[in-house]
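Asker: After the sequence you'll find the predicted model.
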Amino acid sequence: MRLAAIAVCVFLTACTQAVTEADETTTSGESAATPTTGVAPTVTTTGDESTSSMSALIAPESLTVEAFPVPAGSRPHDVAPALDGGVWYTAQGSGELGWLNPVTGETRHIALGAGSAPHGVIIDDEGTPWVTDGGLNAIVSVDPASDAVTIFPLPDDTSGANLNTASFDADGNLWFTGQAGIYGSLNVDTGETRIFEAPGGRGPYGITTTPAGSVFYASLAGSYVGAVNQDGSVTVLEPPTPGQGARRVWSDSTGAIWVSEWNSGQLSRYLPETGEWSSWRLPGDDPATYAVYVDELDIVWVSDFGSNSLVRFDPITEEFDVYPLPHDPGDVRQILGRPGEIWGAESAADQLVLIRTR
């Protein structure tokens, strides 16, 4: 273990907000990506991670955390880097989807509808953001060009699902979790929704898709990882630590499943080909592992509520580097990135945070 000496940089550019009322009856369309300066370059690879161009990488001990204010009361929950160089975020406190320009610090908000409480956000291949909205009990898409909102309500007999997170499978279907005890899929072309009762009842939380297209989710209350089969059923995978509180999951480039364990304070890895589990406890006296994300170089990032930090884990050296958050508490509940950038949201401080890795 090593603790990195971190300089915390606060983004000082004035932050403005443009709230746009969206038309809920308009369907989403394609977005034309706008070139934006300041976006980190993409790493050139030959298909073998060991031969990737590493010259632009920053040494782990030299990484810094930058903070970007968003409008007060936003309570940003999840983030998703946009194709135009900006960053989408769910403003759970205001019932909106936000967009940040990291170059200027400007933000704009899109209202998702009365009663909205958005949780997760991801983007599809065309750059359209898709939101799991617990308040609306619906999946929501937003046209990034027009800000038009399209709502896909869950079936009437699935009220109070407490929607959490989503991920696309190999066929382009959107799979999602609901902490009340369900998981399901949405055919984004037809609008057809399938709902399944989760093994063990309440708990489904984080979800991920492997490069081969397989879907896995984590059950926080159930303390298991669920492997979704082609017929929609689930195979329950139990981590070796009882009651560990599997919260979020993420696949690396090989299809290994990384799990953030809230109760145990551990980071775990499951190898689907062999069924082998490995676990590492985070540094510190009382770690509480919340979010997990694997970057383009298969470096694992987690958020730790116990140390109020983002934590970097190198699977090769099995070493952790700890990066304190700018605010205490910061409460980063989800991590996503793009080449050279690791993004999270300090939900307790109305800030987005960024670590540049090159």
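Answerer: All right, it came through fine. Numbering: from 1, shown residues only.
Asker: Can you list the neighbours in contact with stretch 157-170?
Answerer: The contact list for stretch 157-170, computed with C-beta atoms under 8 Å, 6 or more residues apart in numbering, reads 78, 119-120, 122, 124, 130, 132-134, 137-139, 154, 174-180, 182, 184-185, 195, 204-209, 212-215, 217, 248, 334. Just so you know, the C-beta spots here come from the backbone N, C-alpha and C atoms, and that holds for glycine as well.
Asker: Could you pull out the strands in the stretch 1-150 of the chain for me?
Answerer: When secondary structure is read from DSSP state E, counting those that start in this stretch, the stretch 1-150 of the chain shows strands at 8-10, 17-21, 65-69, 76-81, 87-91, 96-100, 107-111, 118-123, 129-133, 138-142, 149-153.
Asker: Adding mean neighbour count, mean pLDDT and distance to Thr357, write the ones you listed out as a markdown table.
Answerer: Conversion of those to a markdown table gives the following (neighbours: other C-beta atoms under 10 Å; pLDDT from 0 to 100; distance: least, C-beta to C-beta, whole Å):
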| stretch | mean neighbour count | mean pLDDT | distance to Thr357 |
| --- | --- | --- | --- |
| strand 8-10 | 13 | 41 | 15 |
| strand 17-21 | 13 | 34 | 29 |
| strand 65-69 | 21 | 98 | 12 |
| strand 76-81 | 26 | 98 | 13 |
| strand 87-91 | 28 | 98 | 16 |
| strand 96-100 | 26 | 98 | 19 |
| strand 107-111 | 21 | 98 | 24 |
| strand 118-123 | 25 | 98 | 20 |
| strand 129-133 | 26 | 98 | 24 |
| strand 138-142 | 24 | 98 | 28 |
| strand 149-153 | 20 | 98 | 34 |
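Asker: Can you say which of the ones you listed is nearest to Gly344?
Answerer: When those are ranked by distance to Gly344, counting by C-beta to C-beta, first place goes to strand 76-81 at 6.4 Å.
Asker: rewinding a little: just the buried members of the contacts of stretch 157-170?
Answerer: If you count burial by 16 or more other C-beta atoms under 10 Å, the buried members of these come out as 78, 119-120, 122, 124, 130, 132-134, 137-139, 154, 174-180, 182, 184-185, 195, 204-209, 214-215, 217, 248, 334.
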